[in-house]
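Asks: A structural model of the following input is requested.
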Amino acid sequence: MHRKSFLIALALALAPAAAWAQAGTGEPVFSPDEVRAHVEFLADDLLGGRDNGTQGFEIAARYVSSRFDAMGFKPGGTQGWYQPVDIADYVLDAGKPASIAVGAKRFASGQDVLFGPSPLYGNETQTLTADAVFVGHGREADYAGVDATGKFVVALLGNPPGTEPGKIDKAAIAGRHGALGLIYLVTPDNLKDAFPWAQAVTYFQGPQTNWLSPDGFPRGENPGLRIGAYVKGAAADALFKDAPMRADQLYAMLAAPGAAPGSFALKPRLTLQRTSIVSVKKSENVIGILPGSDPKLANEYVVLSAHLDHEGTDPGLEGEDKIYNGAMDNAAGVATMLEAARAFVQSGKRPRRSILFVALTAEEDGLIGSEFLARYPVVGSGKVVADVNLDMPILLYDFQDVVAFGAEHSTLGPIVARAAAKMGVALSPDPMPEEQLFLRSDHYSFVKAGVPSIFLVTGFRNGGEKAFRDFLKAHYHKVSDDIRQPFDWQAGARFAKINYLIAREIADTDQEPRWYQGNSFGERYARDAPKAPRPANAPAATAPKAISITLPAPAKN
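Replies: Here you go, the predicted model:
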């Protein structure tokens, strides 16, 4: 379609929405046709798969913001409806291999040394030469008597036994001591479990995508270092040659309980070199606010989130269809969010707490939009108290249950159960705990900010398991995830109603959601927040499994 004709069609599609803001009929009516219209628009070929930074995504963002505007919401971004996000794509320049020279010996990245690319030094070669010092586990106490200024700091990968994960920020500590860069020593024990080398090489030498803070730092991290790397094997042997303790002696010492290696200077002078290829694109989160009615609670915000992006277009695909339309993933989630938003307006009753409706960018690139929003909230002096995330509900059947990933961790679980019960729908436990889906969508960015959160999908009853598994096998992240699937639009309307009821109770209840006492996520990310007693009939909460590969910050700087 010609661009002008397309824009006319867009205007016509939006026109009926203006009446919504005038609604106020009491009990909202959930429309299968509204859900269908949203999915059909967002999954249309003209949007090209909605990859962030593309015109297709921008059209989708304008569509959502226009809906927010028509519903009478308040713009919630830093630029009107939008919260801009700078997204960097970067990779090591294969034509200029990264390396570490230890004295006269040079080790190329991927052998016994490893670098990642950096968005901070794009399209230029970094060559840094300095002395090095070993600082044991890299804790603050390990720097006693050590002058690290202008030097490379070498620290053991991982923490001493019994140390809380994430408790020691080795990069920040090294930066405070004036280090030029941080090099992790990967021990033979690390290679057995926490840092499988082949997997790490594949990750670090591949392309990376990350959000940049307003001052240009990836994920907002600025430890003050200029470079980072990992060493093992022969490179580590060379690094510790003629030192007070050889590498093999150090490994043997670490096998003893309570081992605490001291700090000492290393003899060889080091030269670290790498070249990164970097490009930066701009995208945005789309945010609408429905202000709360209760003066005591209006500064607390309930987030309804859904990611707007998908995988875009791949001209290299075989066959005629090259567009990843993302109808189920995640036009269906955005449609659910918009229909729940419309219900709040149609009800004529403002919630006591404020509601933040968010269409997020770059979920497919690693939860980028939600991480940026969680790091840079748009609520001013307010507080986000919960996130209900909508990602890939399978709207293909008459669902009889829902799954709220994360329901067992906080008082959000009973709220979901009550909302579902009002509709004769059950709340089922996670049917695939081995997939750790609670860690794999945008809500988890809010969890890491200490916010109780859930990720809601349709359940496995009444043919749901087959529908879900068939979708994963045949359509997930494939060009066939388009509007030609046999959507059950009535199911879409019912799913929107459940989400509305959940958000309504969270917004109107006297007490904000709380993590349960002793919950691993609450203890790690919201240690000082008030906790709720765990009900006797609550399902057991399982701590997340250890992630197989540790990715400390220096390798990304």
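Asks: center of the chain, which residue is that?
Replies: In the chain, the C-alpha nearest the mean C-alpha coordinate belongs to residue 367, at 2.7 Å (C-alpha atoms, centre = their mean).
Asks: tally of neighbours for residue 283?
Replies: By the other C-beta atoms under 10 Å criterion, the neighbourhood of residue 283 contains 27 residues. In this view, the C-beta of every residue, glycine as well, is placed from N, C-alpha and C.
Asks: and the gap between it and residue 209?
Replies: Using C-beta to C-beta, to the nearest Å, residue 283 is found at 11 Å from residue 209.
Asks: list the buried residues in stretch 49-57.
Replies: Within stretch 49-57, the residues scored as buried using 16 or more other C-beta atoms under 10 Å are 49-54, 56-57.
Asks: return that stretch as PDB; C-alpha atoms alone will do.
Replies: What follows is stretch 49-57, C-alpha atoms only, in PDB (Å, rounded to 0.1, in the frame of the first residue of the first chain):
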ATOM      1  CA  GLY A  49       7.800  -7.600  12.000                       C
ATOM      2  CA  ARG A  50       8.100  -4.600  14.300                       C
ATOM      3  CA  ASP A  51      11.900  -4.900  14.900                       C
ATOM      4  CA  ASN A  52      13.000  -2.100  17.200                       C
ATOM      5  CA  GLY A  53      14.600   0.800  15.400                       C
ATOM      6  CA  THR A  54      12.600   0.200  12.200                       C
ATOM      7  CA  GLN A  55       9.800   2.100  10.600                       C
ATOM      8  CA  GLY A  56       7.500  -0.800  11.300                       C
ATOM      9  CA  PHE A  57       8.100  -0.500  15.100                       C
END
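Asks: which residues sit against it?
Replies: Counting by C-beta atoms under 8 Å, 6 or more residues apart in numbering, stretch 49-57 makes contact with 42, 46-48, 60, 87, 281-283, 308-313, 323-326, 361-362, 364-365, 368-369, all of which sit outside it.
Asks: for the stretch 401-550 of the chain, give me the ranges with low pLDDT.
Replies: Per-residue confidence for the stretch 401-550 of the chain (pLDDT under 70) gives these ranges: 538-550.
Asks: so where's the stretch 101-250 of the chain shaky on pLDDT?
Replies: Counting by pLDDT under 70, the stretch 101-250 of the chain shows low-confidence ranges at 165-166.
Asks: mind listing the strands for it?
Replies: With strands called from DSSP state E, counting those that start in this stretch, the stretch 101-250 of the chain shows them at 105-108, 113-114, 125-134, 152-156, 181-185, 208-212, 227-231.
Asks: for the second one, packing partners?
Replies: I take that to be strand 113-114. The elements that strand 113-114 packs onto, with contact taken as 3 or more C-beta pairs under 8 Å, 6 or more residues apart in numbering; DSSP states H and E, are helix 197-204, strand 227-231.
Asks: show me what contacts residue 125?
Replies: Residues near residue 125 by C-beta under 8 Å, 6+ apart: 96, 273-275.
Asks: looking at those residues, which has the most residues close by?
Replies: Within the contacts of residue 125, residue 274 tops the neighbour count with 24 neighbours, counted by other C-beta under 10 Å.
Asks: which ones are touching that one?
Replies: Neighbours of residue 274 in contact, by C-beta under 8 Å, 6+ apart: 92, 96, 98-99, 109, 115, 117-118, 125-126, 227.
Asks: kindly recompute the last result at 6 Å.
Replies: 98, 115, 126 (C-beta atoms under 6 Å, 6 or more residues apart in numbering).
Asks: could you check how far the first one is from residue 368?
Replies: Residue 98 sits 25 Å away from residue 368, taking C-beta to C-beta as the criterion.
Asks: and if you look at the second one?
Replies: Per C-beta to C-beta, residue 115 is found 22 Å from residue 368.
Asks: and the closest residue to residue 106 other than its chain neighbours, backbone torsions?
Replies: For residue 106, ignoring the flanking residues on the chain, the nearest one in space by C-beta to C-beta, 6 or more residues apart in numbering is residue 99 at 5.4 Å. Taking degrees, to the nearest 10, you get phi -160, psi 160 for the backbone angles of residue 99.
Asks: so residue 99 is in contact with residue 110, correct?
Replies: No - Residue 99 is not in contact with residue 110 according to C-beta atoms under 6 Å; the separation is 9.8 Å.
Asks: what about the helices in the stretch 301-450 of the chain?
Replies: Remark: helices of the stretch 301-450 of the chain, listed N- to C-terminal, are 332-347, 368-375, 412-422, 443-448; assignment by DSSP state H, counting those that start in this stretch.
Asks: to residue 259, which of those lies closest?
Replies: The minimum distance between residue 259 and those falls on helix 443-448, with 31.2 Å, by C-beta to C-beta.
Asks: in the stretch 451-557 of the chain, which spans are helices?
Replies: In the stretch 451-557 of the chain, helices defined by DSSP H, counting those that start in this stretch lie at 464-474, 489-508, 520-525, listed in chain order.
Asks: just put those helices in JSON lines and tack on mean neighbour count.
Replies: Conversion of those to JSON lines gives the following (neighbours: other C-beta atoms under 10 Å):
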{"stretch": "helix 464-474", "mean neighbour count": "15"}
{"stretch": "helix 489-508", "mean neighbour count": "23"}
{"stretch": "helix 520-525", "mean neighbour count": "18"}
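Asks: for residue 297, find the nearest of the ones you listed.
Replies: Each of these was checked against residue 297 via C-beta to C-beta, and the shortest separation belongs to helix 489-508, namely 8.1 Å.
Asks: got the angle for the closest one vs helix 412-422?
Replies: Relative orientation of helix 489-508 and helix 412-422, computed by axes from the mean of the first three to the mean of the last three C-alpha atoms, to 10 degrees: 130 degrees.
Asks: contact partners for residue 212?
Replies: Contacts for residue 212 were tallied using C-beta under 6 Å, 6+ apart; they are 86, 88.
Asks: who's it bridged to?
Replies: With DSSP bridges applied, residue 212 shows beta-bridge pairing to residue 86, residue 218.
Asks: and the longest strand seen in the chain, how far out from the chain's middle?
Replies: Of all the elements of type strand in the chain, the one with the most residues (DSSP state E) is strand 264-290. Centroid separation for strand 264-290 versus its chain: 17 Å, with C-alpha atoms, centre = their mean, to the nearest Å.
Asks: so it versus helix 489-508, what angle?
Replies: Between the axes of strand 264-290 and helix 489-508, defined by the same axes, to 10 degrees, the angle is 100 degrees.
Asks: could we number from 40 for the rest of this?
Replies: Understood, numbering begins at 40; the last thing we discussed is strand 303-329.
Asks: just give the number of residues close to residue 292.
Replies: Taking other C-beta under 10 Å as the criterion, the count of residues near residue 292 is 12.
Asks: contact partners for it?
Replies: For residue 292, the residues meeting the contact criterion (C-beta under 6 Å, 6+ apart) are residue 298.
Asks: what about 7 Å?
Replies: With C-beta atoms under 7 Å, 6 or more residues apart in numbering as the criterion, the residues that contact residue 292 are 298, 300.
Asks: now it. Its backbone dihedrals?
Replies: With angles defined as degrees, to the nearest 10, residue 292 shows backbone torsions of phi -60, psi -40.
Asks: again with residue 123
Replies: As for residue 123, its main-chain torsions (degrees, to the nearest 10) stand at phi -60, psi 140.
Asks: please report how far the closest residue to residue 113 other than its chain neighbours lies from residue 394.
Replies: What sits nearest to residue 113 in space, not counting adjacent residues and going by C-beta to C-beta, 6+ apart, is residue 328, at 4.3 Å. With distances taken as C-beta to C-beta, residue 328 is found 7 Å from residue 394.
Asks: now residue 295
Replies: For residue 295, the distance to residue 394 equals 56 Å [C-beta to C-beta].
Asks: what do you get for residue 498?
Replies: Residue 498 sits at a distance of 25 Å from residue 394 (criterion: C-beta to C-beta).
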